[in-house]
Structure formats: structure tokens, C-alpha cells
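J.: using only what follows, build the 3D model:
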Amino acid sequence: MSRKYFGTDGIRGRVGDAPVTPDFMLKLGWATGKVFASEDGSKPTVVIGKDTRVSGYMLESALQAGLVAAGANVKLLGPLPTPGIALLTRTQNADAGIVISASHNPYFDNGIKFFNGQGSKLSDELELQIEAMIDSPMETVDSEQLGKASRIVDAAGRYVEYCKSTFPDDLSLKGMKLVIDCAHGATYHIAPAVFEELGATTVVIGATPDGYNINDGVGSTEPAALQAKVLEEGADIGIAFDGDGDRLQMVNAKGELLTGDDVLYVLAMHRLASGDSDAGIVGTLMTNMGLELALEAGGLRLARAKVGDRYVKELMVAEGWSLGGESSGHIICGDLSTTGDGVIAALQVLAAVRASGKTLDALASGFNPLPQVLVNVRISKGFDLTAHPTIGEACRRVESELEGRGRLLLRPSGTEPVIRVMVEGDNSVAIDALAGQVAEAIRQAA
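T.: Numbers count the residues shown, from 1 in each chain. Now for the predicted structure:
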């Protein structure tokens, strides 16, 4: 069945425009409470956390009212990274968790993501059930069946302590200087505490949220500020998170940016060297072919999932592997977290640095990414790639030109009205020109 409200990662849009409106969120909360209601009549429990956007107050109140009207109990976590909300969903034995965030988007966007009681993204079946309930008439339960709302005042502290517990007891960050960029987002009161309490000297930027500055010139999608600060401070490593803390970018002491593929390589090789490795790791269709080649040289496989951390997690479970992620910096350490977690992923990289005695630059040196170009082409709503033969012809010409020396990938974005054109190839391939050919064919058709 096609989805009416849910995209690849929940519901997202501009605040004030449907569906990111108070009236819709009221109905969404009610529908969620009804779907998770127990057959025995007991009240479901739903936790709600958010990032630092000013609209979070409004959406939180609307969701809370809808859930209570459906007979669900609500536990409010306040500002907390997405993986922290997943953790509290599990540890509070809640039936579901709700994240109010638009991740790396600007402050005027917001959205909703869901977790099930195990702290994993909802199944397609449950999302469709919620959508169906949204379109049903809203009826408030009798007063004696109404839910209640309470606040978990130490939610941030619980998550900080859990993150610290994932760092090896026999290692320390003493003597290491880190620059931490919190994107003025949900990690602003989490990440500095975690790294400092493990012994690191920290220089913190992007940690003064005002409701409007989330992801503005800082964070994992704007890493230039982090790179400059690392060089200015002579730091060992820089770490940048996105607005909701489920992804990261890292910078070495030279100020060079590491992608999620670099992080996956470092973690995979560290686990292999430690004798605690699976047969492979999970990436996505966007994962650089160079990573696949580097892993093969180490005797590991790369399995590719569809883009989206939920699909990465699903394939990790299917393969029985504990490590996976995306080039964008969503890294899932499945033995430590149920979803992408920027803080925990960074801690595992720092553990590899400490355990090996090598620099981050040295640990990542075995991975040589193939040149890759990504072009975003704006499209109208409902645009169908397959309905335009000229696009297929352009793709066939490009694939013939690549001749096995690279890849072409077209992917509709799940969060924006764009088609992403990715071309990857060795140094002998003019990938910019090839990507331009396909992008122009899409523009002409759109």
C-alpha cells in the first residue's frame, strides 16, 4: 500500500504546512494511542522526546493531548538525541517512542519519527495502521480511561551514563583534545558531558540552542566550522553531530573530513583486529565502492541496503551482523544501540584510536574512496522517472561509458522533492560530465 503521510523516515515538512500542524499532530497522537492500545484494555505508554526547535513545544503539546485522549500514558523526555529516545523507550518498557525532529533540516522544518517498544523503527505495517486510524473519526475515551502525562527529569543523565558504558573500561580519553560540534541541537547537553567525563579535554561549539539556530552554519552538514576549529585548537580529533544526534562527521588532526564510509572502515578494521568481527558490514546503495574493495581486502563483505537507516538495520538483522551505516554518518553499532547513534559511534572510533595507539588519519588510511559526485535535481510532486524514455536513454549511455569502472544511481529523496543522481568511477572517468548528462535529462523531463 502507498503511504499518505509517512516518508522514508517518519513525517517531515515545514511547520505550519500540512501535515506539520497542531491539528494534525493532535490526530496523529490519538491515532498512535489507539493503534498501540492493548487488547486487554490496559493503557499503552508512549515516551516523547524532541530536539531544540522552537516548534517542538507546540508539536509536543498536541501529540500529548491526542495520546491522552486515546487513553495512553505519556512520559516526556524533553530535548534528547534520537538514539537516547530509543534507549528510554526500551528502558521505560514503553509501547512506543516518538521523536519530534527534522534532523539536519533548518529550524522552520520539523517532523515525527517513531520507535517500537524495542527501540527500532516502526514496521511498514504499523505505520499503515496509524495512517488508517488518522483518517478515522476522533473519539475521546471516557474520563476514567484518559491517560496521564509525566516528565522523566533525569532522561539526559540516563543517556549520558549509557553512552559512557559503551566505552571500554580499560581505556581513557585523558590527554586527548577534542572539538565537539553539537549543531545547536539535541546533543548540546549530552556530548560535552560524555567526552569530558571520560577524560577528554573538549572545545565545544554549536552548543547554545535558541530554538532557531539548529544546524545553522554548524553540525555534521556544515563541517567547515569544525574543520577550522580543529586546526585552530591543534586538536586531535573533531566530532560533529546533526540536529537530532543520530549521525556524525569526524575530522582528523589535519582538518580533513571523514565520511560515514571512513568511520565504518575504521570500526570494521578495529573489530577485525580485536577478533570480534562479523563476516561483513551493511552499507547502502550510496556507499562508496572503494569501501567495498577495502573490506574485501580484509576478508569482509559489504551488503548494500536501500538508503535509510531503517533499511540498514533490517539487513543487519537479516545477515546477523552488528555493524552498518550510511555515508551521511548514520552509524549503527547493533550490539550497543538499536538505531544510528552519533555519540556511541564516535566513542567506538575513539576506542579504536586509543587501543591501537594510532592516529585517526592512520586508521582510515587503508580506505581509498573512488571519486563520487552527487547532483540533486528538483522535481514536481508525483514525478515518475520510469515514464520518461529520455532519462532511461541517458542512463544507458552513462552506464556504457562507465564500463564496469564505476556506478550510476538515481534515487528519489524521501525528505525533499529531488532526484539524487550519483555517479562514481575511477580517476579515468569524467564523472562530473556523466552526472550532468543524466541530471539534464531529468530537468528536461520535469
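J.: residues in contact with the closest residue to residue 336 other than its chain neighbours?
T.: Leaving aside its sequence neighbours, residue 336 sits nearest to residue 166 (C-beta to C-beta, 6 or more residues apart in numbering; 4.8 Å). Glycine gets a C-beta too; all of them are placed from N, C-alpha and C. If you count contacts by C-beta atoms under 8 Å, 6 or more residues apart in numbering, residue 166 has them with 333, 336, 337, 344, 347, 348.
J.: go again using 10 Å as the cut-off
T.: Shown in contact with residue 166 (C-beta atoms under 10 Å, 6 or more residues apart in numbering): 194, 333, 335, 336, 337, 341, 343, 344, 345, 347, 348, 351.
J.: so which of the residues you listed comes closest to residue 217?
T.: Using C-beta to C-beta, residue 343 is the member of these that lies nearest residue 217, at 21.4 Å.
J.: which element, helix or strand, includes that closest one?
T.: Assessed by DSSP states H and E, residue 343 sits inside helix 342-356.
J.: any weak-confidence spans in this protein?
T.: For the chain, applying pLDDT under 70 flags the ranges 1-2, 415, 428.
J.: now do the helices in it.
T.: Taking DSSP state H as the criterion, the chain contains helices spanning 22-35, 56-69, 82-91, 124-134, 155-165, 191-197, 224-233, 260-273, 289-297, 309-319, 342-356, 360-364, 389-402, 431-445.
J.: ok, residues contacting the shortest one?
T.: Defining contact as C-beta under 10 Å, 6+ apart, one finds that helix 360-364 is touched by 236-238, 250-254, 256, 258-259, 261-263, 265-267, 269-270, 273, 294, 349-350, 352-353, 356, 358.
J.: picking that back up, report the buried residues of the helix holding residue 343.
T.: 342-354, 356 (16 or more other C-beta atoms under 10 Å).
J.: can you add distance to residue 326 and give the residues you listed back as CSV?
T.: Shown next, in CSV, are those (distance: C-beta to C-beta, whole Å):
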residue, distance to residue 326
342, 12
343, 17
344, 15
345, 11
346, 15
347, 19
348, 16
349, 16
350, 20
351, 21
352, 19
353, 22
354, 25
356, 25
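J.: nearest to residue 175, of those?
T.: residue 354 (9.7 Å).
J.: the residue lying closest to the closest one once chain neighbours are set aside and residue 139: what is the separation?
T.: In space, and not counting its chain neighbours, residue 354 is closest to residue 171: 4.6 Å by C-beta to C-beta, 6+ apart. Counting by C-beta to C-beta, to the nearest Å, the gap from residue 171 to residue 139 is 55 Å.
J.: these two: which has the busier surroundings?
T.: Neighbour totals were compared for residue 171 and residue 139, and residue 171 leads with 16 against 9 (other C-beta atoms under 10 Å).
J.: any idea how far residue 222 is from the more buried one?
T.: 31 Å.
J.: can you check residue 395 too?
T.: 32 Å.
J.: next: residue 400.
T.: Distance from residue 400 to residue 222, by C-beta to C-beta: 37 Å.
J.: so for these two, which residue has more residues nearby?
T.: residue 222 (18 against 8).
J.: hmm, residue 104 and the more buried one touching each other?
T.: Yes. In terms of C-beta atoms under 10 Å, residue 222 counts as a neighbour of residue 104; the distance is 9.1 Å.
J.: touching both of these two, which residues are there?
T.: 183, 215, 242.
J.: okay if I get the residues you listed as a markdown table plus distance to residue 77 and neighbour count?
T.: Below are the shared contacts of residue 222 and residue 104 laid out as a markdown table (distance: C-beta to C-beta, whole Å; neighbours: other C-beta atoms under 10 Å):
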| residue | distance to residue 77 | neighbour count |
| --- | --- | --- |
| 183 | 19 | 35 |
| 215 | 21 | 26 |
| 242 | 18 | 33 |
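J.: nearest to residue 55, of those residues?
T.: Minimum distance to residue 55 across these is 14.0 Å, recorded for residue 215 (C-beta to C-beta).
J.: look up how far residue 241 lies from the closest one.
T.: Distance of residue 215 to residue 241, computed by C-beta to C-beta: 10 Å.
J.: which residues are common contacts for these two?
T.: In contact with both residue 215 and residue 241: 104, 183, 185, 206, using C-beta under 10 Å, 6+ apart.
J.: the third one - how many residues pack around it?
T.: Applying other C-beta under 10 Å, we find 32 other residues in the vicinity of residue 185.
J.: dump the residue contacts of it.
T.: So residue 185 contacts 51-53, 79, 81, 101, 103-104, 107, 191, 206-207, 209, 213-215, 218-220, 241-245 (C-beta under 10 Å, 6+ apart).
J.: buried members of the residues you listed into PyMOL, please.
T.: The PyMOL command for the buried members of the contacts of residue 185 (criterion: 16+ other C-beta under 10 Å) is given here:
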select buried, resi 51+52+53+79+81+101+103+104+107+191+206+207+209+213+214+215+218+219+220+241+242+243+244+245
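J.: among the contacts of residue 185, which ones are in strands?
T.: 79, 241 (DSSP state E).
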